[in-house]
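S.K.: how does the following fold in three dimensions:
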Amino acid sequence: MTRHGELGTALHRWRDRIAPAEAGLPAGEPGRAPGLRHEELAQLTGLSVDYLVRLEEGRATSPSVQVLTSLARALRLSDDERRHLFLLAGQSPPALGRVSDHIPPSVRRLLGRLPGTPLGVHDAAWNLITWNPLWAALLGDPAAVPGRGRNAAWLHFTGRPGRVTQTVEQEARFEAALVADLRAATVHYPTDVRLRFLIGELRRVSNRFAVLWKSRITDAHDTGTRTIHHPDVGPVIVDCDTLTVPGCDLRIAAYSAAPGTDAADKLRLLDVIGTEMAGLTEMSEMATGMAGMTQEPAPAAGSVPDDPGHGPGRDPGSGPGTDPGPGSSPTAAPEPADR
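M.R.: As a prediction, the model looks like this:
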């Protein structure tokens, strides 16, 4: 098969796996063939139906970068699939400029099919980008929290108030893994200004983060125990696992409890009552306290640190802190970060 034939086959396969509803289109009539029709993909990309047909049949052989970018977005391709698309089309894959917040359809389905497990999905910079209802019921609804308030590294290293505590040993492993993740993100996304700005600010405001960043420590997330201090049901002791998604940089934080335990009973209760009784007053007060601290603007070129960094707002040895929770960034410009 020629390269152009492989391109058409790949496009057809990617088109077939996406349901119209996943792309924000009407579901269509019952019994229809799976996937997007050419007309629907044309609507999403702004390309003509005839051109899309010729691409899949190998009769259009030189799609532009703009066309490929539009197709990758509409077909919800992962970073690896996007790179493959460009190579099949004979184009150089563009550098990954910014941390992606794209959530594959498979991850969205996972969130819907595990209603009894609190799940939070984070991007490569540890920004919380989506969650299921039980996550909001257990930890507080992030929807009311702006900007940096959803970044796990910022919340932890700046000591923002939250519901999650862990032992000193668990905290040390968690911090090392967060720093390692952020350092890896700077390699994958070397030109992401917001990521560099985040790390520079963390190095400036958190001695603990600055120490870990300079140590170039490497570590990975492991299964650990967390205690969630819930305002209505009391302490909930759960296991925490961090899952990765092949083909992208997403991290899924999952909390679970063994069947028959007090924590499992409390999770079932929260799954029923949701956020109706789950500390809405607490979250409202937190959001009010952060009024005006919305998503930070992209820093000017002259104020961006040379190297990204992020870290805790506590000095070393300050004891257990909280896991990721809402917070916001300071307004002062960060000090430059050195590699």
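S.K.: so where does residue 213 fall, helix or strand?
M.R.: Using DSSP states H and E, residue 213 sits in helix 207-215.
S.K.: for that helix, list the C-alpha coordinates in CSV.
M.R.: Output of helix 207-215 as CSV, limited to C-alpha atoms (Å, rounded to 0.1, in the frame of the first residue of the first chain):
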residue,chain,number,x,y,z
ASN,A,207,11.4,26.8,49.1
ARG,A,208,10.5,23.1,49.1
PHE,A,209,9.7,23.1,45.4
ALA,A,210,12.9,25.0,44.6
VAL,A,211,15.0,22.4,46.5
LEU,A,212,13.3,19.5,44.7
TRP,A,213,13.6,21.2,41.3
LYS,A,214,17.3,21.8,41.7
SER,A,215,17.9,18.3,42.9
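S.K.: what ranges of the stretch 201-339 of the chain fall below the confidence cut-off?
M.R.: Applying pLDDT under 70 to the stretch 201-339 of the chain flags residues 247, 275-339.
S.K.: once you drop chain neighbours, what's closest to residue 39?
M.R.: Nearest residue to residue 39, sequence neighbours excluded (CB to CB, 6 or more residues apart in numbering): residue 49, at 5.7 Å. Glycine gets a C-beta too; all of them are placed from N, C-alpha and C.
S.K.: if you could redo that for residue 62, that was the one I meant.
M.R.: residue 90 (7.2 Å).
S.K.: tell me how many other residues crowd the one you found.
M.R.: Using other CB atoms under 10 Å, residue 90 has 12 neighbouring residues.
S.K.: quick one: it and residue 64 touch, right?
M.R.: No. Using CB atoms under 8 Å as the test, residue 90 is too far from residue 64 to be in contact (11.0 Å).
S.K.: can you pull out the strands in the stretch 201-339 of the chain?
M.R.: In the stretch 201-339 of the chain, the strands defined using DSSP state E, counting those that start in this stretch lie at 224-230, 234-244, 251-256.
S.K.: what lines up beside the last one in the sheet?
M.R.: Same thing as strand 251-256. When pairing is defined by DSSP bridges, strand 251-256 lines up against strand 119-122 (antiparallel), strand 234-244 (antiparallel).
S.K.: for the first one, C-alpha coordinates in PDB please.
M.R.: Provided in PDB are the C-alpha atoms of strand 119-122 (Å, rounded to 0.1, in the frame of the first residue of the first chain):
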ATOM      1  CA  LEU A 119     -11.900  10.400  39.200                       C
ATOM      2  CA  GLY A 120     -10.100  13.600  38.300                       C
ATOM      3  CA  VAL A 121      -8.300  14.100  34.900                       C
ATOM      4  CA  HIS A 122      -5.200  16.300  34.800                       C
END
